[in-house]
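In: Sequence plus predicted model, see below.
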Amino acid sequence: QVQLVESGGGLVQAGGSLRLSCAASGRTFSRYTMAWLRQAPGKEREFVAADSWSGFGFATSYADSVKGRFTISRDGAKNTVYLQMNSLKPEDTAVYYCAAVTSRIVYSDPTLYDYWGQGTQVTVSS
């Protein structure tokens, strides 16, 4: 069992940056694939980014819509995963969720994640 708490959302102008944080409970942080997903009003929840420790290094995956603008990273000492978001666009406006699953595989399917945070709102104004 792991509990996830997100922070760092807010209102930013287009072209700006935000960094989201997700603090995870537990002592086996490296065993989890960690992901960020988002849900805009009236839309389905969608994958944004994920990383996983394969035993040899971290594997990462990004949605095409955020490649080159967003970066996922984690700090094992703090049991925290981050999402650095640069060059934000109005279409990035959504509630952003941190999610986790016990795995060494990076998943883009939201239904494969077992643990979820409460979400943090990101609003990008034009």
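Out: Thanks, I have the structure now. Residues are numbered from 1 along each chain as shown.
In: what number of residues lie near Thr120?
Out: Summarising burial for Thr120: neighbours were counted as other C-beta atoms under 10 Å, giving 22. Using the backbone N, CA and C atoms, a C-beta is placed for each residue, glycine as well.
In: who's in contact with it?
Out: Under the criterion of C-beta atoms under 8 Å, 6 or more residues apart in numbering, the neighbours of Thr120 are 6-9, 20, 95-96.
In: for whichever helix or strand Val101 is part of, packing partners?
Out: Secondary structure here is read from DSSP states H and E; on that basis Val101 sits in strand 94-102. Taking 3 or more C-beta pairs under 8 Å, 6 or more residues apart in numbering; DSSP states H and E as contact, the helices and strands that strand 94-102 lies on are strand 4-7, strand 18-24, strand 32-39, strand 115-116, strand 120-125.
In: Same list, the contacts of Thr120, but as a markdown table with neighbour count and distance to Ile105 please.
Out: Putting these into a markdown table (neighbours: other C-beta atoms under 10 Å; distance: C-beta to C-beta, whole Å) gives the following:
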| residue | neighbour count | distance to Ile105 |
| --- | --- | --- |
| Glu6 | 22 | 23 |
| Ser7 | 14 | 27 |
| Gly8 | 16 | 26 |
| Gly9 | 18 | 28 |
| Leu20 | 24 | 23 |
| Val95 | 18 | 25 |
| Tyr96 | 24 | 22 |
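In: Out of the residues you listed, which comes closest to Lys78?
Out: Of all the contacts of Thr120, the one sitting nearest Lys78 is Ser7; the distance, using C-beta to C-beta, is 12.6 Å.
In: Against Ala49, how distant is the nearest residue to the closest one once chain neighbours are set aside?
Out: Using C-beta to C-beta, 6 or more residues apart in numbering and skipping residues adjacent in sequence, the residue nearest Ser7 is Ser21, 5.0 Å away. Relative to Ala49, Ser21 is positioned 14 Å away (criterion: C-beta to C-beta, to the nearest Å).
In: check contacts around Gly10.
Out: 18, 121-123.
In: what's the answer for Arg45, then?
Out: Applying C-beta under 8 Å, 6+ apart to Arg45 gives the contacts 37-39, 97, 110.
In: Great, nothing more from me.
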